[in-house]
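J.: fold the following and give me the result.
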Amino acid sequence: MASVLSFKNVSKHYTRGKENVAVLDHFNLEIAEGDFVAIMGPSGSGKTTLLNLIGGLDRPSTGELTVAGERLDQLSGSGLSRWRARHVGFIFQFYNLMPTLSAERNVELPLLLTSLSAGERKRKVAAALELVGLSDRGKHKPGEMSGGQQQRVAIARALIADPTILICDEPTGDLDRHTAEEILGLLQMLNRQYGKSIILVTHDPKAAGYASRQLHVDKGQLLDAPMAAA
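T.: Residues are numbered from 1 along each chain as shown. Have a look, this model is predicted:
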């Protein structure tokens, strides 16, 4: 199976005053297309930096980083923006929905910069909301929905442009256990039935258990890194 993500000797460091701080150090990893991987590690281990690199929000200091067939370490800032719009859907802990917009309008937002007609956007929004089980809540604003429903809207928004990879940063951290399990089950369904490649960062071992495999990061190093299936 082809790789959707490949880190080859990737390092990332930041300058803090006169000090050079290494966050990732000669990091190597491959993730297969269609895999569901949970990344765990203590605070300050490099998980956020790892997600920023995978999602094209940052570039490595050294090394080769290929995601969805593109060398991200070679792209310009504008190139990374265009790449993100095509290939990445982000799902966050606190939903990041626009409170004054309905669920339909929140889901539609990523499509407003495309050449799709209003009718085409409407059909895609309806399909995305149906997929996450919210066909009857499209006219409701975030404040009129539960936390779990808001996260489903956020997932529909992440899916609307049919991204290559879903990046989930503690997506159940603000939810009760029952609702969290519903959201994790939805992600698992998207992976198993629709073949979505999913990267999940979590502190919760139970959440990580929904993934196909688990990786552990500490002090900028991968503690175990099974390679992508051949």
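J.: residue 211: how many residues sit nearby?
T.: Residue 211 is surrounded by 23 other residues when neighbours are defined as other Cβ atoms under 10 Å. Any C-beta I mention is one placed from the backbone N, CA and C, and that applies to glycine too.
J.: from now on call the first residue 21
T.: Noted, 21 is the first residue going forward, which turns the last one into residue 231.
J.: contacts only, for it.
T.: 56, 57, 58, 218, 220 (Cβ atoms under 8 Å, 6 or more residues apart in numbering).
J.: and which of these is nearest to residue 30?
T.: Top of the list for closeness to residue 30, among the contacts of residue 231 and by Cβ to Cβ, is residue 57 at 16.3 Å.
J.: distance check, the closest residue to residue 152 other than its chain neighbours against residue 80.
T.: Nearest in space to residue 152, with sequence neighbours left out and distances taken as Cβ to Cβ, 6 or more residues apart in numbering, is residue 172 at 4.2 Å. From residue 172 over to residue 80 the distance is 33 Å, taken as Cβ to Cβ, to the nearest Å.
J.: comparing those two, which residue is more hemmed in?
T.: Here residue 172 and residue 80 are set side by side on neighbour count (other Cβ under 10 Å), and the busier one is residue 172, at 25 against 20.
J.: confirm that that one sits in a helix.
T.: Yes: inclusion of residue 172 in a helix is indicated when DSSP: H, G, I helix; E, B strand; the rest coil is applied.
J.: was I right about it contacting residue 203?
T.: Yes: under the criterion of Cβ atoms under 8 Å, residue 172 is in contact with residue 203, at a separation of 7.3 Å.
J.: now the strands for the chain?
T.: Taking DSSP state E as the criterion, the chain carries its strands at 23-36, 39-52, 56-60, 82-87, 90-91, 108-111, 185-189, 217-221, 233-238, 241-242.
J.: mind putting these in TSV, mean pLDDT, mean neighbour count and distance to residue 69 included?
T.: Compiled in TSV, those are given as follows (pLDDT from 0 to 100; neighbours: other Cβ atoms under 10 Å; distance: least, Cβ to Cβ, whole Å):
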stretch	mean pLDDT	mean neighbour count	distance to residue 69
strand 23-36	91	17	5
strand 39-52	88	17	5
strand 56-60	95	22	11
strand 82-87	94	18	12
strand 90-91	92	14	18
strand 108-111	94	22	15
strand 185-189	94	23	12
strand 217-221	95	24	11
strand 233-238	92	17	9
strand 241-242	84	17	12
